[in-house]
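In: just need the structure, nothing else, for what follows:
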Amino acid sequence: MTAHSSAGIARWRQIADHLRLDIAEGRLSDMLPSEARLAERFAVNRHTVRRAIATLAEEGLLSATRGRGTFVTPRPGRIIYPVGSSSRFSENIGAASREPGGSMIGAVREAASADVAGHFGCRTGVPLVRLELLRVADGAPLIVSTVWFEEARVPGIVAAYAEAGSITRALASLGHADQRRLWTRVAAIAAEPGDAEHLGCPLAAPLIATTSLTVTVAGEPLQYARSRFLGSRVELVFDHAGEARPPEGS
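Out: The predicted structure is shown next:
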């Protein structure tokens, strides 16, 4: 594969992106090919390759050993992330001996589209609140989530999340301590620009996308979410109780 300049992106940066993706997907996991081999692969000079390697070394992805070469830095094991009817982000990350954290990167009030309204069982145009969340483990980005709530059911959800720093605790403060995930759908996707920026991964890096519906104890829709997990850092394990299934085309 060659790296050609496009859209004003320097060639060394393109090479760094290619190598970063190779590392994330496991194609590079030990010793890096020589500068000469990489220069041939990307049709550039060695100085350009050297700059790309230096960038990845600064990111901690590569390390040089005198007399031996440049090696991919061993990655910590993937986080085992259970997905079940009562899954909670903080509990899952804590159980993996990591420190959970997160931040709200966006919050808007919007009218329900036909698709989202269908999940809430409400009319198109009903006021919803949409939160954009970045969730981290040990300070490293792990998940970007887009979460919708019916505004009338959880008034004050934005302030509650800002105060609690957790969807579970925010909902509990609004009278919804008991909730359960009804269904989850999973797909493999490529990282788009916004997600790549927040997750710190290359464009088109492999992500695990989940779509889910959480309901109250009475079975009323409470939260509809679309989350994108960094595929190189997490392994999902499903343990759903019951036979609920997502509707076709969700």
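In: contacts for the least confident helix or strand in the chain by mean pLDDT?
Out: Ranked by mean pLDDT, DSSP states H and E, the weakest helix or strand in the chain is strand 62-65, scoring a mean of 78. Residues outside strand 62-65 that contact it (CB atoms under 8 Å, 6 or more residues apart in numbering) are Leu32, Ile53, Leu56, Ala57, Thr70, Phe71, Val72, Thr73. Bear in mind the C-beta positions are built from the backbone N, C-alpha and C, glycine included.
In: which of those residues are buried?
Out: When those are checked for burial by 16 or more other CB atoms under 10 Å, the buried set is Leu32, Ile53, Leu56, Thr70, Val72.
In: quick one: low-confidence ranges for the chain?
Out: Along the chain, the model assigns pLDDT under 70 to residues 1-9, 65, 74-76, 240-250.
In: can you show me the strands along it?
Out: 62-65, 69-72, 79-84, 100-111, 127-137, 140-150, 179-190, 206-216, 221-230, 234-239 (DSSP state E).
In: of all those, which lies closest to Gly165?
Out: Across the strands of the chain, Gly165 has its closest neighbour in strand 100-111 (6.5 Å, CB to CB).
In: strands paired with that closest one, and their directions?
Out: Counting by DSSP bridges, the strands paired with strand 100-111 are strand 127-137 (antiparallel).
In: now do the strand it pairs with: distance to the chain's middle.
Out: Centroid separation between strand 127-137 and its chain, computed with CA atoms, centre = their mean, to the nearest Å, is 12 Å.
In: buried ones in it?
Out: So for strand 127-137, counting by 16+ other CB under 10 Å, buried means Leu128, Val129, Arg130, Leu131, Glu132, Leu133, Leu134, Arg135, Val136, Ala137.
In: do the same with stretch 163-178
Out: With burial defined by 16+ other CB under 10 Å, the residues of stretch 163-178 counted as buried are Ser166, Ile167, Thr168, Arg169, Ala170, Leu171, Ser173, Leu174, His176.
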